[in-house]
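J.: predicted model, plus sequence, below.
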Amino acid sequence: MDSIFHEKQEGSLCAQHCLNSLLQGSYFSAVDLASIAQDLDDVEGAHMAEGGVDSVEYLRFQEQPSTNMDDSGFFSVQVISKALFVWELVSIPIGSSEAGIASVYPERECAFICNFREHWLTIRKLGNQWFNLNSLLTGPELISDTYLSMFLAQLQKEGYSIFVIRGSLPECEADQLLRLIPAVQTHPPKLLSDDAQSSNQKASTGVGVTQDDLQKALEASRGLTSGYKGDDELQAAIQLSLRGTENQVSEASEPVNQDELRRKREAFFNRQNPGPTQSSAASNQSTPSEVPSTSKEEEKRELSTAKERVESNTNNSAKTSTSPSCTVVAEQETGELLDSGMTESAMLEAAIKMSIESVEQKT
C-alpha cells in the first residue's frame, strides 16, 4: 500500500487533496485551483454585466465574496468539475439518471468523490480493490466490494453528496502493482485528529510511550524476571550453604560422651592396678542408674586418684630400676598434668604415655 498516493489534510485544501488522490499524483496545487476559481468568477461577472454594469444585480455581485473559493482554501464543486474537465473526466451525481445503476452496483465504477459542506474526499478502485483516500485519515483505508455499497449509503445518510467519476483515469503505479499483489490491511488507519491527540498525550508526559506501551513493557519485565535462571541457581546455592552450616553446628555441638571417657580411663588404670579398679568397676555396674557427675570437683578427685595410681606404679617400677631419677620424672610430669588444666582426654593420653615409658624402663 506504500505505492498508493495519499495526501493528508493541510488547512482547508481538501478539494486539492481529493483531486490529487483521485488522479494519484500531485497534479493540482492551491494556486492552480485558485486560478480556475478566478476564471469562473470572471465568467459569472461577465454574465451579470450583460444587464448593465450599473444594475443592482451586478453591483451586489461585485460586493459579495467569491462563491468558488475563500481564504481558507475551500473550492466549490464548479472548480472541481472544471479541474476534472482538464483530464476529460466528469462528475455525475449518483442519484441522477445519468449515473444509471451506479447506486445499485457501485463496485462496477472506477471512482467516486464525496462532498459534505466544505470537505471533499475520494473513493477509488486501484487494481481490483477499493480504497478510501480521505485526507483526514493517516493513510488509505481498504474497502471490500461488499462493504462499498454500505459505506456509500452511510455517507449519504451523514449528508454527503456523492458523485460518480466517469472517464479514463490516468495510469498509476499503484494500480499496476495492486493488480499483481493485492493489498492486505490488518489495522485500519486512524483519523488525523485522533493521532494528533495521542501524540500530544505522549508529549505532555515527557515520555514517548503510552499506557499500553508501558503495560506491555511491565508484563515483559515480569516474564523475564520469573524466567531468569540465575535466580533459581542463587536460591539453590543459598539452601546448600545453610544446610552445610547446620551440619557443622550440629557436629560441633555434639556433647562428649562422659561415660565412654570414664570407661577408657578406668580400663587404663585397671591395667596398671587390677585390684582396686575391678572393685570400682563392679560397684559401677551394680548401680547403672547412677549418672556420673561431670562437675569440676569430681574431675579433680579423679585426677588425684590417677596421680596416686601413677605414683604407686612409678614407685614399684623404681624398686627394680637401676635409675632412681624415673620417680622424680614421674612425679614432675604428674604434677605438671594437674597444674596445666588439661582436659580429661588429654590427661588420659599423657598418663598412658607415662605408663608406657615406665614399662619400657622396667624391661
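T.: Happy to help now that I have it.
J.: tell me which stretches of the chain form helices.
T.: 14-23, 30-49, 56-63, 77-86, 145-157, 173-180, 192-205, 211-226, 229-252, 258-272, 274-286, 296-320, 325-339, 344-362 (DSSP state H).
J.: how about the fifth one, which residues are buried there?
T.: Within helix 145-157, the residues that count as buried by 16 or more other Cβ atoms under 10 Å are 148, 151, 152, 155, 156. Glycine gets a C-beta too; all of them are placed from N, C-alpha and C.
J.: right, and the fourth one touches residue 162 too?
T.: Looking back up the chat, that one is residue 155. Yes. In this structure residue 155 lies within contact range of residue 162 using Cβ atoms under 8 Å: 6.3 Å.
J.: intersection of neighbour lists for those two?
T.: Taking Cβ atoms under 8 Å, 6 or more residues apart in numbering as the contact rule, residue 155 and residue 162 both touch residue 114.
J.: residue 54 versus residue 103, what's the distance?
T.: 48 Å (Cβ to Cβ, to the nearest Å).
J.: name the residue in these two with the higher neighbour count.
T.: Set side by side, residue 103 and residue 54 show more neighbours around residue 103, with 17 against 8, by other Cβ atoms under 10 Å.
J.: any stretches of the stretch 251-363 of the chain with poor pLDDT?
T.: 251-258, 265, 268-269, 271-346, 355, 358-363 (pLDDT under 70).
J.: so where's the longest strand in the chain?
T.: Counting residues, the longest strand found in the chain (DSSP state E) is strand 119-126.
J.: return the list of helices and strands in contact with that strand.
T.: helix 14-23, strand 111-116, strand 129-132, helix 145-157, helix 173-180 (3 or more Cβ pairs under 8 Å, 6 or more residues apart in numbering; DSSP states H and E).
J.: and the pLDDT at the closest residue to residue 169 other than its chain neighbours?
T.: Using Cβ to Cβ, 6 or more residues apart in numbering and skipping residues adjacent in sequence, the residue nearest residue 169 is residue 110, 6.0 Å away. Residue 110 carries a pLDDT value of 96.
J.: go on, residue 179?
T.: 94.
J.: distance check, it against residue 80.
T.: According to Cβ to Cβ, residue 179 and residue 80 sit 28 Å apart.
J.: same thing with residue 98?
T.: Taking Cβ to Cβ, one finds residue 98 at 17 Å from residue 80.
J.: what of residue 156?
T.: For residue 156, the distance to residue 80 - Cβ to Cβ - is 18 Å.
J.: same deal with residue 29?
T.: Taking Cβ to Cβ, one finds residue 29 at 14 Å from residue 80.
J.: looking at these two, which is more packed in?
T.: residue 80 (23 against 12).
J.: give the contact list for the nearest residue to residue 116 once chain neighbours are set aside.
T.: Among residues not flanking residue 116 along the chain, residue 160 sits closest, at 4.4 Å (Cβ to Cβ, 6+ apart). Applying Cβ under 8 Å, 6+ apart to residue 160 gives the contacts 114, 115, 116.
J.: will you turn the residues you listed into TSV that also has neighbour count, distance to residue 69 and pLDDT?
T.: Shown next, in TSV, are the contacts of residue 160 (neighbours: other Cβ atoms under 10 Å; distance: Cβ to Cβ, whole Å; pLDDT from 0 to 100):
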residue	neighbour count	distance to residue 69	pLDDT
114	22	19	97
115	21	14	95
116	14	18	93
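J.: in the stretch 101-250 of the chain, where is pLDDT below threshold?
T.: In the stretch 101-250 of the chain, residues with pLDDT under 70: 195-214, 217-218, 220-250.
J.: could the contacts of residue 160 be laid out in a markdown table, adding distance to residue 133?
T.: A markdown table is the format used below for the contacts of residue 160 (distance: Cβ to Cβ, whole Å):
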| residue | distance to residue 133 |
| --- | --- |
| 114 | 11 |
| 115 | 14 |
| 116 | 15 |
